[in-house]
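A.B. asks: Please work out how this folds:
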Amino acid sequence: MTLGPGLAAAVILAGGLAAVLRLVVSRRLVGGRSDGVPVGVLAVNAAASMLAGAVGGLLASGRIGPGTALVALTGVAGGLSTFSTFAVDTVRLIRSRHPSAAIANVVATVGGCTLLCAGCFALTR
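C.D. replies: Modelled structure (predicted):
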């Protein structure tokens, strides 16, 4: 597969739109609290993980091609997910003396998102 200008533009557009969606969703799901699991960030990371699993399964089964997978994974899932915000939020919870929320955030994000990805992969393969 060659990354031509059309495919590159599709990845850029998909990533930009997904990043805006991430911003809207994560801000709407904050709920005004700063002492608990950041639900908005968890939600967008979970959605991106599910998409990644589904796309991986579809690609593995030959039902989509590598170009479609590239746009969906690099563009949409990459624009939607945010590991850096997850890390900053976890550190913020630790520093503000909310270790239980920090641990819950790590378990939910790493464990939950991995399970969602694996489940969607299995369902679409």
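
A.B. asks: leaving aside the residues next to it on the chain, what's closest to residue 104?
C.D. replies: Residue nearest to residue 104 in three dimensions, not counting chain neighbours: residue 37, with 5.2 Å by Cβ to Cβ, 6 or more residues apart in numbering. No exception for glycine: its C-beta is placed from N, CA and C like everyone else's.

A.B. asks: my guess is that neighbour contacts residue 106, does it?
C.D. replies: No. In this structure residue 37 lies outside contact range of residue 106 using Cβ atoms under 8 Å: 9.6 Å.

A.B. asks: When those two are compared, which one has more neighbours?
C.D. replies: residue 37 (22 against 15; other Cβ atoms under 10 Å).

A.B. asks: how about that one, what does it touch?
C.D. replies: 101, 104-105, 108 (Cβ atoms under 8 Å, 6 or more residues apart in numbering).

A.B. asks: now do 6 Å
C.D. replies: 101, 104-105 (Cβ atoms under 6 Å, 6 or more residues apart in numbering).

A.B. asks: got it, and residue 99?
C.D. replies: Per Cβ under 6 Å, 6+ apart, neighbours of residue 99: none.

A.B. asks: Please look at residue 44 and residue 80 and confirm they touch.
C.D. replies: Yes. Using Cβ atoms under 6 Å, residue 44 is in contact with residue 80, at 5.3 Å.

A.B. asks: just to revisit the earlier point, within the helices and strands, which one has the residue nearest to residue 104?
C.D. replies: Residue 37 is part of no helix or strand, with elements assigned from DSSP states H and E.

A.B. asks: Which pLDDT value belongs to it?
C.D. replies: With respect to pLDDT, residue 37 scores 88.

A.B. asks: Would you mind measuring from it to residue 89?
C.D. replies: Noted for residue 37: a distance of 8 Å to residue 89, by Cβ to Cβ, to the nearest Å.
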